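Q: build me a structure from this.
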Amino acid sequence: MKKVFLFAVVISVMTSSCATVFGGRVTDCQRTKPAEGEPARPVRAVALIADILLFWPGLIVDFATGAIYKPCSK
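A: Model (predicted):
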């Protein structure tokens with residue numbers, strides 16, 4: 001039982017990242033890529049730095065889900 005709990009904790013830490021866990025809901029604006037000619041989406045600096053310092057593989061999760069990007073102001 002102890003090994004199962006430890007395994008679950010390790011997997012949950014490895015698959016989570018700062019922006020995904022603490023950033024709130026991911027909007028459609030964050031999920032879609034900007035069209036050609038549009039400016040790049042701004043990145044949440046605090047989440048980026050936290051991912052780099054705490055658990056850098058979390059960057060992959062944040063960029064894949066779009067949670068690393070700031071929500072649109074519209």
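
Q: which strand or helix spans Gly37?
A: According to DSSP states H and E, Gly37 maps onto no helix or strand at all.

Q: confidence score at it?
A: You'll see Gly37 listed with a pLDDT of 86.

Q: quick one, what contacts it?
A: Under the criterion of C-beta atoms under 8 Å, 6 or more residues apart in numbering, Gly37 has no neighbours. From N, CA and C alone the C-beta is placed, and that goes for glycine too.

Q: so how far is Asp28 from it?
A: To Asp28, Gly37 is 20 Å away according to C-beta to C-beta, to the nearest Å.

Q: ok, now Thr20?
A: 16 Å.

Q: more neighbours, these two?
A: Thr20 (20 against 8; other C-beta atoms under 10 Å).

Q: now the phi/psi pair for the more buried one, please.
A: phi -70, psi -40 (degrees, to the nearest 10).
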